[in-house]
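Participant: my questions concern the predicted model and sequence given below.
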Amino acid sequence: MAKDIANIRTYGHINSAVWVAPVGTTAPTAPTTSPGVGWTELGWLGEDGVSEAREVDTDTKKAWQGGVTVRTVRSGDLRRFTFMAMETNATTVGLVRPGSTPETADGVTTTEVKAYTGMDKRAWIIDTRDGDIATRKVIPSGEVVEMGEIVHNSTDVTTYELTVECYSDSNGTFYIEYTNDPGQEVEA
């Protein structure tokens, strides 16, 4: 395959977004259609965008003769996405305070922030755009498993760093990707 500068992507288009919904919510099967009923966009995201990480548990087996590696056993595979939500809204706050139920009366929202040891699985969509090139990752089941510090001060915007772990289905699928990127087209 020859080098092709047209296949270099820079994501950050105004329509890039992270969406969340209850597990089982119908997700779109195209990279540019609206997520539809049940999906809520998190709002503005930090300038570093969305990072995807893959972690594989391995155990290297070495031979007695010379200590050379003869096999690597893989026992686990993990996919995570990390991003910085910039908006303080009901959805974002709900993600950082699972198990806490806010109530609003007369313009005042009250939340008893509680310890939470249960699971807060949700469906996720990560939309990235580079001009007309759209890539959508649909995560049928994932959960916020790590949160960065939430800083409240007068010199920075309050942000919410969230890491979502993808849970695979019975077929081992973590997420489904839809894209109109011509560089990813597979020849028949």
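Facilitator: Ah, there it is.

Participant: just checking, what packs against the worst-scoring helix or strand of the chain on mean pLDDT?
Facilitator: Using mean pLDDT, DSSP states H and E, strand 51-62 stands out as the lowest-scoring helix or strand of the chain, at a mean of 88. Contacts defined by 3 or more CB pairs under 8 Å, 6 or more residues apart in numbering; DSSP states H and E place strand 51-62 against strand 69-85. All C-beta spots, glycine's among them, are computed from the backbone N, C-alpha and C.

Participant: swap the cut-off to 10 Å and go again
Facilitator: Applying 3 or more CB pairs under 10 Å, 6 or more residues apart in numbering; DSSP states H and E, one finds that strand 51-62 contacts strand 69-85, strand 160-166.

Participant: pairing partners for it, with directions?
Facilitator: With DSSP bridges as the test, strand 51-62 is paired with strand 69-85 (antiparallel).

Participant: so where's the chain uncertain?
Facilitator: Scanning the chain for pLDDT under 70 picks out 1.

Participant: and the helices in it, which stretches?
Facilitator: With DSSP state H as the criterion, the chain has helices at 90-96.

Participant: quick one, strands of this protein?
Facilitator: For the chain, applying DSSP state E gives strands covering 17-21, 40-41, 51-62, 69-85, 103-105, 108-110, 122-130, 133-147, 160-166, 176-179.

Participant: which of the helices and strands packed on strand 51-62 is buried the deepest?
Facilitator: The highest mean neighbour count among the helices and strands packed on strand 51-62, using mean count of other CB atoms under 10 Å, belongs to strand 160-166: a mean of 20.

Participant: next, format the helices and strands packed on strand 51-62 as a markdown table and append distance to Asn7.
Facilitator: Compiled in a markdown table, the helices and strands packed on strand 51-62 are given as follows (distance: least, CB to CB, whole Å):
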| stretch | distance to Asn7 |
| --- | --- |
| strand 69-85 | 22 |
| strand 160-166 | 25 |
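
Participant: out of the ones you listed, the one nearest Ala53 is which?
Facilitator: Smallest distance to Ala53 across the helices and strands packed on strand 51-62 (CB to CB): 4.8 Å, for strand 69-85.
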